[in-house]
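J.: prediction below, plus the sequence it came from.
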Amino acid sequence: MLNTGKLLATKVGFDICGITPCKHLVVNERAYRDWLAKGYDSTLEYMRRNLDKRFNPENLVEGAKSVIVCGVSYKSPISGGYTSKDREKIASYACNRDYHKSIKKMLQTLLKELQKIYPKLEGRAFVDTAPLLEKQLAVEAGLGWIGKQSLLITPEFGSYVLLGELVINMECDQYDKPLEGVGCSECQRCVESCPAHAIVEPMVINTAKCISCRTIEAEQKKTDNNLHGWIFGCDECQNCCPYNKKAKQHTNQHFDPLFDPREIATSKWIKMSEEEFQNRFGSTPMKRAGLERIKKNIAGE
Ligand code: SF4
Ligand code: SF4
């Protein structure tokens, strides 16, 4: 199953895949609850929901035995491509078609292919929306480690990786193990580069300060209006990472950028109609924030 799963994952378009047994992620539960206790989730109310399910996939899917964790690179020339003069910066994942549908489709194809070989196999596909500790599951499945900016870092593709999981009802003959001898070591670049000082300690983000949350999530009482030119998301703590600088560009065409924010002038954004926004950006993650929010982000309101 281990090698078959990986081979099929590559065939359906993923760059990386690992398989880990379901288990209670005790250390992560402790860290997560501590993070919530400090109020670092700010307006992200959904982070407090389903705490009984979040730390063990067996609690989320009845009969779950293993998790197939898949990842695909989205690194493009926009990732790390901004200069200090650029305004209206957009996180590079948001310049692509919304990844939820593409990745779910890839996972469902993978499940069907596996079911041809293992007819009793059942599984559920998850992309980012379920209460699943997907980054830690990726670590358990040997795909990388959690960087000081709290994202998964993979040796080959850095942190410009989108994840999806298949939680399955089958035990595997072999499993992947967490990587050894890898990590951030003494590097502090992301901590030092964060313009909002949102990385309060390694792997701990205060979302009330984080520009990515402040430009997208439910609005909060403003203590700092400076978004440092970001109007949707923020890649600052990724762009500076040495692993991202040397990471390969993406190859799966589903994750090609649909536009380049560096080619859209401030005046164009300000004059943009709802119709034009829907036509140009309706299939991207920016739809979630909507044009009015983006205009507010530009104005720093
Ligand atoms: S996304 Fe931006 S604001 Fe948030 S932690 Fe990273 S650099 Fe800081
Ligand atoms: S910038 Fe340095 S500390 Fe931050 S995630 Fe990358 S390697 Fe780790």
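T.: Done, it's in. Numbering: from 1, shown residues only. Ligands and ions are numbered 1, 2, ... in the order given.
J.: pull the contacting residues for the nearest residue to residue 97 once chain neighbours are set aside.
T.: Nearest residue to residue 97, sequence neighbours excluded (Cβ to Cβ, 6 or more residues apart in numbering): residue 283, at 5.2 Å. Yep, even glycine has a C-beta here, placed from its N, CA and C like the rest. By Cβ atoms under 8 Å, 6 or more residues apart in numbering, the contact set of residue 283 is 97, 98, 258.
J.: so residue 88 is in contact with residue 228, correct?
T.: No: taking contacts as Cβ atoms under 8 Å, residue 88 lies outside contact range of residue 228: 11.6 Å.
J.: return the residues of the stretch 101-250 of the chain in contact with ligand 2.
T.: For the stretch 101-250 of the chain, the residues in contact with ligand 2 under the definition Cβ under 6 Å from any ligand atom are 147-149, 153, 184, 187-190, 240-243.
J.: can you narrow the residues you listed to ones near ligand 1?
T.: Restricting those to those near ligand 1 - Cβ under 6 Å from any ligand atom - leaves residue 149.
J.: okay, and the beta partners of residue 18?
T.: Note on residue 18: beta-bridge partners by DSSP bridges are residue 69.
J.: count the neighbours of it for me.
T.: 26 (other Cβ atoms under 10 Å).
J.: for it, give me the pLDDT.
T.: If you check residue 18, the pLDDT there is 98.
J.: OK, contacts around it?
T.: With Cβ under 8 Å, 6+ apart, residue 18 has these contacts: 6, 68, 69, 138, 140, 141, 142, 143, 176.
J.: biggest helix in this structure, by residue count?
T.: Looking across the chain with DSSP state H, the single longest helix is helix 99-117.
J.: what's in contact with the helix or strand following that one?
T.: Downstream of helix 99-117, the next assigned helix or strand under DSSP states H and E is strand 123-126. The contact list for strand 123-126 (Cβ under 8 Å, 6+ apart) reads 61, 68, 104, 107-108, 111, 114, 132, 134, 164-169.
J.: dig out what the residue nearest the centre of the chain forms beta bridges with.
T.: Geometric centre of the chain, nearest residue: residue 162, 5.3 Å, by Cα atoms, centre = their mean. Note on residue 162: beta-bridge partners by DSSP bridges are residue 72.
J.: distance check, it against residue 14.
T.: Distance from residue 162 to residue 14, counting by Cβ to Cβ, to the nearest Å: 10 Å.
J.: ok, residue 256 next?
T.: 16 Å.
J.: repeat that for residue 43.
T.: For residue 43, the distance to residue 14 - Cβ to Cβ - is 32 Å.
J.: who's more crowded, those two?
T.: residue 14 (25 against 15).
J.: for the more buried one, which non-adjacent residue is closest in space?
T.: residue 70 (4.2 Å).
J.: residue contacts, whatever residue of the stretch 1-150 of the chain ends up closest to ligand 2?
T.: Among all residues of the stretch 1-150 of the chain, residue 147 sits closest to ligand 2, at 2.7 Å; criterion: Cβ to the nearest ligand atom. By Cβ under 8 Å, 6+ apart, residue 147 lies in contact with 153, 159, 184, 190, 203, 241, 243.
J.: residues contacting residue 168?
T.: Taking Cβ under 8 Å, 6+ apart as the test, what residue 168 contacts is 64, 65, 66, 67, 68, 114, 121, 122, 123.
J.: in JSON lines, list those residues along with neighbour count.
T.: Output for the contacts of residue 168, formatted as JSON lines (neighbours: other Cβ atoms under 10 Å):
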{"residue": "64", "neighbour count": "20"}
{"residue": "65", "neighbour count": "15"}
{"residue": "66", "neighbour count": "23"}
{"residue": "67", "neighbour count": "26"}
{"residue": "68", "neighbour count": "30"}
{"residue": "114", "neighbour count": "21"}
{"residue": "121", "neighbour count": "16"}
{"residue": "122", "neighbour count": "14"}
{"residue": "123", "neighbour count": "23"}
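J.: in CSV: these, plus pLDDT.
T.: Below are these laid out as CSV (pLDDT from 0 to 100):
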residue, pLDDT
64, 97
65, 97
66, 98
67, 98
68, 98
114, 97
121, 96
122, 96
123, 96
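J.: what's the most distant pair in those?
T.: 64 and 114 (14.9 Å; Cβ to Cβ).
J.: before we move on, which element is residue 67 in?
T.: strand 66-73.
J.: residue 205 reaches residue 150, doesn't it?
T.: Yes: counting by Cβ under 8 Å, residue 205 does reach residue 150; the two are 5.1 Å apart.
J.: now do the shared contacts for these two.
T.: Contacts common to residue 205 and residue 150, judged by Cβ under 8 Å, 6+ apart, are residue 199.
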